[in-house]
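1. Kindly return the folded structure for what I paste below:
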Amino acid sequence: ELSEFITIIIISSNDNLILNTIKSRCMTVKFKKIDDNILKEFAINNLGYTDISSNLLKSFDGSIGKAAILQENKALYDEIEKVISNFDKKDLIDIILDAKILYDKENIFNILDHITVCLFANAERNSRYVDCIKYVNDCARKIRAYSNFDMSVDIMIFSIWEELNES
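-> Below you'll find the predicted structure:
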C-alpha cells in the first residue's frame, strides 16, 4: 500500500511512451533545453572537452547527460562528421570502408542523431544532404522494429550515397 508521503518521479524524453492511465495521475513538469553557450562552457569546464564542434554541440540537444555520454566516444563522433561530409566526394567503396564506424549497436541511436545533425550542416553546400535525412529516419525505424541491424545501416549508407551522387 502506497503512503500519501511517497512521491514517485517518472522521467521520460517522450511522454507518448507512458501509458495514459499513468499520465492521467501525474503532474507534468517540462524542462527546457540548456542554452548551447552554457552547455559548451559546462562541457569544457566539467566534462573534459577541449574543443566542441558546432555539430557535436547540436548533438548534445541541450542535455548535460547527452554531452557526458557523447564525451565517452568523442573521437567516433568527430570521425562521423568527416565521413558524412565526404559522402558526395568519394566513391561508394571508400565510403563503405569509412562508414564501418557507424555499425555500433550500443550507440546507434546517438550515432543516427549525430548523422542527422551533420546532414543538416552539410546542406549549406549541397541541398541534397537534407533529402538524406529520410534514410536516417528509416534506418532508426527499422532498427527499432528489430530488422536486421547491419542490413538497415547498409541500406542507409547506400541510399545516402546514391542520393548525393546520382544525377
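2. Give me the buried positions along stretch 119-139.
-> Using 16 or more other C-beta atoms under 10 Å as the test for burial, stretch 119-139 gives Leu119, Ala121, Asn122, Asn126, Arg128, Tyr129, Cys132, Tyr135, Val136, Cys139. The C-beta positions use only the backbone N, C-alpha and C, and glycine is treated the same way.
3. you'd agree the last one is up against Met151?
-> So the one you mean is Cys139. No - the pair Cys139 / Met151 is not scored as a contact, 9.9 Å apart, by C-beta atoms under 8 Å.
4. How about the spatially most central residue of the chain: what's its closest non-neighbour residue?
-> Most central in the chain under C-alpha atoms, centre = their mean is Asp113, positioned 1.7 Å from the mean C-alpha point. Nearest non-adjacent residue to Asp113, counting by C-beta to C-beta, 6 or more residues apart in numbering: Ser59, 5.9 Å away.
5. The one you found contacts Phe109, correct?
-> No - Ser59 is not in contact with Phe109 according to C-beta under 8 Å; the separation is 11.4 Å.
6. so what's the residue nearest to the centre of the chain scoring on pLDDT?
-> We note a pLDDT of 93 for Asp113 in this prediction.
7. Could you check which helix or strand contains it?
-> helix 108-122 (DSSP states H and E).
8. same for that helix, what does it pack against?
-> helix 54-60, helix 64-71, helix 74-85, helix 128-131, helix 133-144, helix 149-165 (3 or more C-beta pairs under 8 Å, 6 or more residues apart in numbering; DSSP states H and E).
9. okay, the last one in PDB with CA atoms only?
-> Output of helix 149-165 as PDB, limited to C-alpha atoms (Å, rounded to 0.1, in the frame of the first residue of the first chain):
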ATOM      1  CA  PHE A 149      20.900  -4.300 -37.900                       C
ATOM      2  CA  ASP A 150      23.700  -4.500 -40.500                       C
ATOM      3  CA  MET A 151      21.300  -4.500 -43.400                       C
ATOM      4  CA  SER A 152      19.400  -1.500 -42.100                       C
ATOM      5  CA  VAL A 153      22.700   0.500 -41.800                       C
ATOM      6  CA  ASP A 154      23.900  -0.800 -45.200                       C
ATOM      7  CA  ILE A 155      20.700   0.400 -46.900                       C
ATOM      8  CA  MET A 156      21.000   3.800 -45.200                       C
ATOM      9  CA  ILE A 157      24.600   4.200 -46.400                       C
ATOM     10  CA  PHE A 158      23.800   3.100 -50.000                       C
ATOM     11  CA  SER A 159      20.700   5.400 -50.100                       C
ATOM     12  CA  ILE A 160      22.600   8.400 -48.900                       C
ATOM     13  CA  TRP A 161      25.500   7.900 -51.300                       C
ATOM     14  CA  GLU A 162      23.000   7.400 -54.200                       C
ATOM     15  CA  GLU A 163      21.000  10.500 -53.300                       C
ATOM     16  CA  LEU A 164      24.200  12.600 -53.200                       C
ATOM     17  CA  ASN A 165      25.900  11.200 -56.200                       C
END
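10. Nothing else from me, thank you.
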